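Student: sequence? don't have it. structure:
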């Protein structure tokens, strides 16, 4: 009888000490080792919840918690415009905003893939670009005139003017840098920068995944 009482008292003292050292929902001893029952189960404090469960004690609870976090992650499909890049060297003559015959054929091919229904409620954005050769102000004006020339041609092909937006950014958004090149080699290298970007929202939408993490 006395032995039983003594055993219970010792167990009670052990639990009390454990509560004093527990900080994350588990009873622990002075070495911060989690106290377990005779069946190997971890002893909880009143602070325990599924959110503080540890895998060593409750692997199933932790697995379910992590699965719930993954399920809460939201993948948003965003529609973005993918610009069609048309090289200005094909659309225009050198230092010119007048469309060449080849340039007109290129725009005809572009519009040929669209139907009147596609264009009914959509927008077309045209952005003119130049290379870095020449005066900054002049390049901006040239890029605007080239964007306007593309717009005007599309209007002659039946596109509603109010559907079209134009802008010119000059040399501000290059796609190549061509460091170390000079003269004719530089002009040839910079050709990709001399371009008109046409964003057709009716046909050039691409899907981009954005991960939205759950609130912590």
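Tutor: That came through, no problem. Computed from a predicted model, the values in this text were never measured in an experiment.

Student: CA only for contacts and neighbour counts going forward, please
Tutor: Will do.

Student: Next up, the contacts around the spatially closest residue to residue 172 that is not a sequence neighbour.
Tutor: Among residues not flanking residue 172 along the chain, residue 129 sits closest, at 7.8 Å (C-alpha to C-alpha, 6 or more residues apart in numbering). By C-alpha atoms under 8 Å, 6 or more residues apart in numbering, the contact list for residue 129 reads 140, 143, 168-174, 193-197.

Student: wait, is residue 196 part of a helix?
Tutor: No - assigned with DSSP: H, G, I helix; E, B strand; the rest coil, residue 196 falls outside any helix and is strand.

Student: For burial, what's the neighbour tally of it?
Tutor: As a burial measure, residue 196 scores 27 neighbours (other C-alpha atoms under 10 Å).

Student: partner residues bridging it?
Tutor: Here residue 196 sits in beta bridges with residue 86, residue 128, going by DSSP bridges.

Student: pretty sure it is touching residue 88, no?
Tutor: Yes - look at residue 196 against residue 88 with C-alpha atoms under 8 Å: they come within range, at 6.2 Å.

Student: Tell me the secondary structure at residue 55.
Tutor: With three-state DSSP as the basis, residue 55 sits in coil.

Student: What does the pLDDT read for the residue nearest to it when sequence neighbours are not counted?
Tutor: Spatial nearest neighbour of residue 55, excluding adjacent residues (C-alpha to C-alpha, 6+ apart): residue 62 at 5.7 Å. Reported pLDDT at residue 62 in the predicted model: 91.

Student: Let me see the domain layout of the protein.
Tutor: Here the domain parsing of the chain from automatic domain parsing is 2-72, 78-209.

Student: if you average pLDDT over each of the ones you listed, which comes out lowest?
Tutor: Sorting the domains of the chain by mean pLDDT places domain 2-72 lowest, at a mean of 73.
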